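Engineer: Starting from these lines, generate the structure:
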Amino acid sequence: MPNTRLWRTSLLPLLLLTLLLTGACATNPVSGEQDIVFMSEEQELALGRQTHAEIIDAFGEYDDPELQRYVNDIGKRLAAQSHRPELIYRFTVLDSADINAFALPGGYIYITRGLLAYLNSEAEMAAVLGHEIGHVTARHSVQQYSAAQMANIGATLTAIFVPGMNNQAAGSLMNIAGTAILRGYGREHELQADRLGAEYMAQSGYDPEKILDVLGVLKDQQVYAQKIAEREGREPQTYHGLFATHPDNDTRLQEIVGTARTLRTPGEPLIGRDAFLELIDGLVYGDSEKDGIVRDSSLYHADLGFALDFPAGWRIDNQPSQVIATAPDGGALLVLSAQDLNKRTSPGDYLRKNLGSGSTSAAEDLTINGLPAHTLRTSVRTQWGQRPARYTTLFFRDKAYTLIGISRDADAVGAHDDAFLPAMRSFRELDADERQLAQELRLRIVAANDRDYAELAAESPLAYYAEEQLRLLNGDYPDARPAPEQRLKIVE
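Structural biologist: You can find the predicted model right below:
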């Protein structure tokens, strides 16, 4: 559910930079070869500074100073071995449930709490940070910007800085110049980042083999996400550094890791499983309180003070700027969003003004739990083409909440009204008991004690695919059994 920081008239200042530059050659810090680039190092650093502020404003830093220091210390240890050690690197844990990490020009590197939850050691975290440092040291973002300019694409720089981040803030960043043509870095750049990350890990005392481990964990997550997305008729979100081949079978990746092993410092390699698990014990998992909490089929938002019930059995995707509920067969969607109210008006006038021109029908004023509302039918353009839709707007406190019901079948909107209207009619102010339900879930580290994942799932508050999620969290997907005294991540 929307972060109140993002619910402003403008989510983010426009970052579209008009760079009227002529092509120039620069020595690549990694290869030593001449690259044709359209951005000086000074401009690269300035862009990183400016965009960093926007990233923090959009996602927020995760509120755990000890964890932030830990990640920053590990990152700086790796960066000291890099090809650009003169840069001042900054490593930030973002308060996002997305499974992602990315880098801005100039040494600004981010990892989400969502990704940290699926890692199982300090060395695995070092693999992710080393990979992102590799993108910075090889100036991949600058190279892609220059390639886009040479092709006269006119793509915005920001479109390539946040590859794969699937939420409204990143969507705003990537849509500044229209279609994001360059999302992700491509196999050659990703492999180079893996090679550089493996080198930095080995020289910092870590086993570069952990790159394969973490990519294996993320590949399992990708397989799971694709399976669920296919079942629900939507596109999956995956980490931008993954390719079709599993890391265990990727010859080039295996060669990269093998070469890096020769650079490893003497002695036992650093793994840091226990230290890492101790620091993520208590990590927020899934929705944060500022975005609202989904439990079963209901949304509870403590900051905004409301609750709403979606249809039972529908899949709920709680994003920073909207909530999307999908019918089990993928045949219908409900989309909840909100906007600040700035003028005194009625829900009906507000809704008609925001819809603009277009035919409407079945318009009706409503009172929902004492709150003014209005509902009507119209049509909306979707990925399936033009489809009929049910719009319902309700005023609560200083915001207008709009719930849009859309059917994939152009003739079935009436059939879905039995799901669309009751959802909005359930909108209500949180009571004292519901405020308890608006508290976020957290990871806890426990001993397996001979329990299997089916037993742990039965005790879990996770609403969807609890056994699969617990296996993924612990690197045991799809069917491994935990050792009797293995330290496991569970969700409470």
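Engineer: Quick check: what element follows the lowest-mean-pLDDT helix or strand in the chain along the chain?
Structural biologist: For the chain, using mean pLDDT, DSSP states H and E, the weakest element among its helices and strands is helix 168-174, scoring a mean of 37. Tracing the chain C-terminally past helix 168-174 and defining elements by DSSP states H and E, one meets helix 186-203 next.
Engineer: by contact count, what packs against that next one?
Structural biologist: Contact partners of helix 186-203 among helices and strands, from 3 or more Cβ pairs under 8 Å, 6 or more residues apart in numbering; DSSP states H and E: helix 65-79, helix 122-137, helix 140-150, helix 210-232, helix 251-261. Heads up, the C-betas are built off the backbone N, CA and C, glycines and all.
Engineer: at 6 Å what do you get?
Structural biologist: helix 122-137, helix 251-261 (3 or more Cβ pairs under 6 Å, 6 or more residues apart in numbering; DSSP states H and E).
Engineer: three-state assignment of the residue nearest the centre of the chain?
Structural biologist: Nearest residue to the geometric centre of the chain (Cα atoms, centre = their mean): residue 98, 2.6 Å. On the three-state scheme (DSSP: H, G, I helix; E, B strand; the rest coil), residue 98 is labelled coil.
Engineer: Spit out the contact partners of it.
Structural biologist: Neighbouring residues of residue 98 by Cβ atoms under 6 Å, 6 or more residues apart in numbering: 112, 114.
Engineer: which residues sit in contact with residue 361?
Structural biologist: Residue 361 is in contact with residue 377, counting by Cβ under 6 Å, 6+ apart.
Engineer: 10 Å instead, please
Structural biologist: By Cβ atoms under 10 Å, 6 or more residues apart in numbering, the contact set of residue 361 is 376-378, 388.
Engineer: What does the pLDDT read for it?
Structural biologist: With respect to pLDDT, residue 361 scores 87.
Engineer: Beta-bridge partners for it, please?
Structural biologist: residue 377 (DSSP bridges).
Engineer: For it, give its distance to residue 389.
Structural biologist: Using Cβ to Cβ, to the nearest Å, one gets 11 Å for the distance from residue 361 to residue 389.
Engineer: quick one, domains of the chain?
Structural biologist: Here the domain parsing of the chain from automatic domain parsing is 24-285, 289-436, 440-491.
Engineer: just the ones you listed: most buried one?
Structural biologist: domain 24-285 (a mean of 19; mean count of other Cβ atoms under 10 Å).
Engineer: Name the spans of the stretch 351-492 of the chain whose pLDDT lies under the cut-off.
Structural biologist: 411-415 (pLDDT under 70).
Engineer: ok, which stretches of it are strands?
Structural biologist: 361-368, 371-382, 385-396, 399-407, 428-429, 441-447, 487-491 (DSSP state E, counting those that start in this stretch).
Engineer: Serialize these to TSV and add fields for distance to residue 325.
Structural biologist: Output for those, formatted as TSV (distance: least, Cβ to Cβ, whole Å):
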stretch	distance to residue 325
strand 361-368	18
strand 371-382	15
strand 385-396	13
strand 399-407	9
strand 428-429	17
strand 441-447	19
strand 487-491	21
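Engineer: mind checking which of those strands is nearest residue 199?
Structural biologist: Of all the strands of the stretch 351-492 of the chain, it is strand 487-491 that lies closest to residue 199, at 29.8 Å by Cβ to Cβ.
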